[in-house]
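Asker: need a structure here:
(chains A and B)
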Amino acid sequence: MKVEQISIFIENKSGRLAEITAILGKAGINIRALSLADTSDFGILRLIVDDSEKALKVLKEQRFTVSITNVIGVAVPDTPGGLTSILQILDNNSVNVEYMYAFVERSGDNAVIIFRFDNIDEAIAALTKNGIKILPSEHITSI
Amino acid sequence: MIWNDDFETLPREAIESLQLKRLQQTVEKVYAAVPFYRDSFNKLGIKPADIKSLADLQRLPFTLKQDMRDSYPYGLFAVPLEQIVRIHASSGTTGKPTVVGYTRRDIDNWTELMARSFVAAGTNRGDIIHNAYGYGLFTGGLGAHYGAERVGASVIPMSGGNTKKQLMIMQDFGSTVLTCTPSYSLYLAEAATEEGIDIRKLKLKVGIFGAEPWSEKMRQEIEAKLNIKAIDIYGLSEILGPGVGIECIEAQNGLHLWEDHFIPEIINPETGEVLPDGEKGELVITTITKEGIPLIRYRTRDITRLMKEPCVCGRTHARIERLSGRSDDMLIIRGVNVFPSQIESVLFSVEGVEPHYQLIVERDGNLDTLEVQVEVNEQTFSDEIKILQGMTNRIRKDIKDLLGVTCKVRLVEPKTIARSEGKAKRVIDNRRNES
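Answerer: Reported below is the predicted structural model:
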């Protein structure tokens, strides 16, 4: 149910992003989703890829600081207010969202949103109890 | 003008015989009263009676800053605490400062030497001395203060900071002499311009600047921007505080080191061997009148050379050339002594692992800036921005708390910091390029 996300520390220097995508491309790793969080000095690139173990290995070989974080992918009705219903469930259950970002591709009629929580298990329980579909990991990496 | 004609113009032979007499007394005193010295003399098989000429000084062991740290706080004091009337301290590498104690006579001698220094810098009774050196554990503020009073000048105990108020008082009180770090004088000049004050038109005529290295080029800039004579003063708390040596206003060429109280030597910092007069090396000072903490052959780590030629001002005391560097890795940032190992200890305590870091020092306008670059590693990396920013904030705060220096902390990717022969270059000091 949990999806492995790769996080990479990058300095704000031109060309760093391209270097990472080139390393992954050369290793035959496909990026499914990504988000870039940035500050004035550094950024954190977060990726969902089709082979996170291999991605971790090739990036470490190239001396990047990389970590794996568990996130979940949620199918969100692609209609106005679709995201609100999910956020309300989380709020009602006092689950804190650390960050979230959207997939470009859809899964059937739904949009896909990646969530990082402070307490992932509570979040999964709250969402499942309320009938929200959490996408299986294999499903996400193969969208 | 000379404050103490009798001593400041003593013929060299008279200085040297006075030095020998006082050296012999000092060596006897430390041998009897300070176990550290008794042990180190015994190890070398030297007795106080062996010191028969000034050349015998070379047989005595050096005293290092580390020896002062090892004897924290009072281990090197040569008198009982009830004879100590003042205690100062400078920042230390592990959070423990270097402590110095003064007897009443030490304070009196210090005051005398600062009075000589003020007069050598062209200051006298009737002057209004704007003392912007920090008051407190740092020796700068109080050292200058008492000397100024001894001369009979009116001293304004400003201490550091609060630049707008400094300018207002300078303008309204008619300050004629400014004492602070050289970089702060330029900062004051800049702030004055912003406030619409023409600092060149104020009554200031002389500035006495020390506590950080500065170049001849910076002197010219200060003199032009403030319309004053800029005088270089030397001192270090271990030896005394400010007033160990000063430039005379007549020559502005080398700092007279008060040889009736100190014996200077220049050594090769690698081998410890004494260099011939006029050669450049590390300054070593032996105190010959101090009672609280007499120091034998203290290694200052400051690089300079000795000039024994007569000076146009009439003073006979040898001069040291403007300092040209350090023989250790100490940095002076906005007047504060900083060792890379101090920063390393902060990083270690925050990260819990051996840090890879680099210190970048620049002069931004007139003020020194310190940037601490820290490599992110797997232990410290988090995929949440707020955790990484929390870490940089804590490093910044801990450095400020330990050293009193504000810095910028920047996280960088691993292996960003150049390693040469397996060892990282810890300090990039871009200020040196300007002189």
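
Asker: domain parsing for chain A?
Answerer: A:3-69, A:71-141 (automatic domain parsing).

Asker: For chain B, what's the nearest residue on chain A?
Answerer: A:S7 (3.3 Å; Cβ to the nearest Cβ). Where C-beta positions appear, they are placed from N, C-alpha and C, glycine not excepted.

Asker: my guess is that residue contacts A:F64, does it?
Answerer: No: the criterion here is Cβ atoms under 8 Å, and A:S7 misses it with A:F64 at 10.2 Å.

Asker: Could I have the CA atoms of the host helix or strand of B:S349 written out in CSV?
Answerer: In the assignment (DSSP states H and E), B:S349 maps to helix B:340-351. The C-alpha trace of helix B:340-351 is given here as CSV (Å, rounded to 0.1, in the frame of the first residue of the first chain):
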residue,chain,number,x,y,z
PRO,B,340,37.9,26.2,12.9
SER,B,341,38.0,23.5,15.7
GLN,B,342,35.4,25.5,17.6
ILE,B,343,33.0,25.5,14.7
GLU,B,344,33.8,21.8,14.2
SER,B,345,32.8,21.1,17.8
VAL,B,346,29.4,22.8,17.3
LEU,B,347,28.8,20.8,14.1
PHE,B,348,29.7,17.6,15.8
SER,B,349,27.3,18.2,18.6
VAL,B,350,24.5,19.1,16.3
GLU,B,351,25.0,16.3,13.7
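
Asker: helices or strands up against it?
Answerer: On a contact count with 3 or more Cβ pairs under 8 Å, 6 or more residues apart in numbering or on different chains; DSSP states H and E, helix B:340-351 meets strand B:357-364, strand B:367-375, helix B:385-403.

Asker: before we move on, back to that, which of the three states applies to the residue of chain A closest to chain B?
Answerer: What DSSP: H, G, I helix; E, B strand; the rest coil gives for A:S7 is strand.

Asker: How about the residues of chain B by chain A?
Answerer: B:376-378, B:381-385, B:388-389, B:410-416 (Cβ under 8 Å from any Cβ of the partner chain).

Asker: so how far is chain A from B:E195?
Answerer: 30 Å (Cβ to the nearest Cβ, to the nearest Å).

Asker: Can you tell me the closest non-neighbouring residue to that residue?
Answerer: Leaving aside its sequence neighbours, B:E195 sits nearest to B:L167 (Cβ to Cβ, 6 or more residues apart in numbering or on different chains; 5.9 Å).

Asker: same check, this time on B:V99
Answerer: With Cβ to Cβ, 6+ apart as the criterion, B:V99 has its nearest non-adjacent residue at 4.3 Å, and that residue is B:P73.

Asker: Which residues does the longest helix along chain B contact?
Answerer: Longest helix in chain B by number of residues, with DSSP state H as the criterion: helix B:12-33. Contact partners of helix B:12-33, identified using Cβ atoms under 8 Å, 6 or more residues apart in numbering or on different chains, comprise B:10, B:37-38, B:41, B:47-48, B:51, B:53-54, B:57, B:60, B:78-79, B:259-260, B:263, B:286-290, B:294, B:296, B:308, B:316-317.

Asker: What residues of it count as buried?
Answerer: Neighbour counts over helix B:12-33 (16 or more other Cβ atoms under 10 Å in any protein chain shown) mark B:15, B:18-20, B:22-24, B:26-27, B:29-31, B:33 as buried.

Asker: related to what we said a few turns ago, helix or strand for the residue nearest to B:V99, which one?
Answerer: Going by DSSP H and E, B:P73 is not in any helix or strand.

Asker: what sits against residue 133?
Answerer: Because you didn't say which chain, this covers chain A. A:V74, A:A75, A:N110.

Asker: Actually, chain B is the one I wanted.
Answerer: By Cβ under 8 Å, 6+ apart, the neighbours of B:Y133 are B:G140, B:G141, B:G143, B:A144, B:S159, B:G160, B:T179, B:C180, B:T181, B:A211, B:P242.

Asker: if you set the cut-off to 10 Å instead, what comes out?
Answerer: Neighbour list for B:Y133: B:139-145, B:157-160, B:179-181, B:184, B:208-211, B:233, B:241-242, B:335 [criterion: Cβ atoms under 10 Å, 6 or more residues apart in numbering or on different chains].

Asker: Drop anything exposed from the contacts of helix B:12-33.
Answerer: B:10, B:37, B:41, B:48, B:51, B:57, B:60, B:78-79, B:259-260, B:263, B:286-290, B:294, B:296, B:316-317.

Asker: can you list the residues that contact the helix or strand bottoming out on mean pLDDT in chain A?
Answerer: Of all the helices and strands that make up chain A, helix A:137-141 has the lowest average by mean pLDDT, DSSP states H and E, namely a mean of 80. With contact meaning Cβ under 10 Å, 6+ apart, helix A:137-141 is reached by A:1-5, A:30, A:32-33, A:48-52, A:70-73, A:75, A:103, A:105, A:107, A:112, A:114, A:134-135.
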